[in-house]
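**Q** Task: produce atomic coordinates for the following.
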Amino acid sequence: MSSSSRSLELKTPVVAEVPGGPGRSPPERSEPVQHWFYGEGFGGFELDVLVYGSAIKEYLHEGRTYVEGRKGSAYSLQFHNHSARRLLAVITVDGLSVMDGKTGNYKSSGYVVDGFSSIVIPGWRLNDETVAQFLFSTTFGESYAAQMGKPTDVGVIGCAVFYEKPPVPVRPDYYFMDEPNVTRRFGEKLRSVKSTTSGLSELQGRAQNIGTGFGHQVGHRVVRVRFDKATETPNAVLTIYYDDREGLKAKGIDLANRPKIYDPNPFPGQSGCVPPPGWRG
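**A** Presented below is the predicted three-dimensional model:
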């Protein structure tokens, strides 16, 4: 079963409206929490936190990805679609939809991303023209979620990914001698969706030093486009947790060490001949 969304397209991004009204979110998936996912369509997806335009250092701990938030620093989110398929990326920060500030669920707003493309999301959407920058708050209480009375999910960034429903082939009654006019506008990479659903249940008992605040207003224009989801449940859920340095240490994260990443060698046996015993060259 598919769902249809009305989305917007900025001169780069866009916003959409999801029909159907409020509803319950599907049960949480049991797959490992991570900030990347290998999907179909010759690739996967990746979510990064950018500060001054560069991805910040990540720490792996007990199957989760963490980043250090430095108080007062503005940040952006970058989503990479390494697959060939067009998709919808539904983004939440501290449990709230970045499109309307409501409690996030799988029917919340998001951005449409073409295959082999990426988008940068700089903040909380105010309207079709501007956003308020994401900002690592100085204190937990200064986070946008805490100020809006929804503090229980502060400290997590999420992205639910939905593939687009493939168009149904229609057999024409006759054939064109020339190629018909293509109405798709090239360069459309971002679009978003307006939420119409209720929120997820809150989680309790979690220590967190900082959250994401409501920063300065910056330009980020969007346009509405149509998007039909292939499924009601996401094809992948990407998650990044964050806190300040002291908070990460309290969670048992070793900030001094970063896991070494092995670069696969396409010819691992191509290392030359092993000299015989006693050979001196």
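**Q** the helices in the protein, which residues?
**A** 144-147, 245-250 (DSSP state H).
**Q** Rebuild these as CSV, extending it with mean pLDDT and mean neighbour count.
**A** Quick note: C-beta positions are derived from backbone N, CA and C, even for glycine. Output for these, formatted as CSV (pLDDT from 0 to 100; neighbours: other CB atoms under 10 Å):
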stretch, mean pLDDT, mean neighbour count
helix 144-147, 95, 20
helix 245-250, 95, 15
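**Q** Turn these into a markdown table, columns for distance to residue 99.
**A** Listed next are the helices of the chain as a markdown table, based on distance: least, CB to CB, whole Å:
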| stretch | distance to residue 99 |
| --- | --- |
| helix 144-147 | 13 |
| helix 245-250 | 27 |
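**Q** Name whatever forms a beta bridge with residue 161.
**A** Beta-bridge pairing of residue 161 under DSSP bridges involves residue 89, residue 236.
**Q** you'd agree it is up against residue 91?
**A** No. Between residue 161 and residue 91 there is no contact, the gap being 10.2 Å when judged by CB atoms under 8 Å.
**Q** Would you map the strands across the stretch 151-281 of the chain?
**A** Assigned strands in the stretch 151-281 of the chain, in chain order: 156-163, 191-193, 212-219, 224-229, 236-243 (criterion: DSSP state E, counting those that start in this stretch).
**Q** Residue 71 is nearest to which of the helices of the chain?
**A** helix 245-250 (9.6 Å; CB to CB).
**Q** Residue 155: which of the helices of the chain is closest?
**A** Nearest of the helices of the chain (CB to CB): helix 245-250, 8.0 Å.
**Q** quick revisit: deepest-packed of the strands of the stretch 151-281 of the chain, please.
**A** Stretch with highest mean neighbour count among the strands of the stretch 151-281 of the chain: strand 191-193 (a mean of 33; mean count of other CB atoms under 10 Å).
**Q** if you skip the residues just before and after it, what's nearest to residue 155?
**A** Of all residues not flanking residue 155 in the chain, residue 208 sits nearest, at 4.3 Å (CB to CB, 6 or more residues apart in numbering).
**Q** burial measure for that neighbour, as a count.
**A** Using other CB atoms under 10 Å, residue 208 is surrounded by 22 other residues.
**Q** list the contacts for it?
**A** Under the criterion of CB atoms under 8 Å, 6 or more residues apart in numbering, the neighbours of residue 208 are 140, 154, 155, 243, 247.
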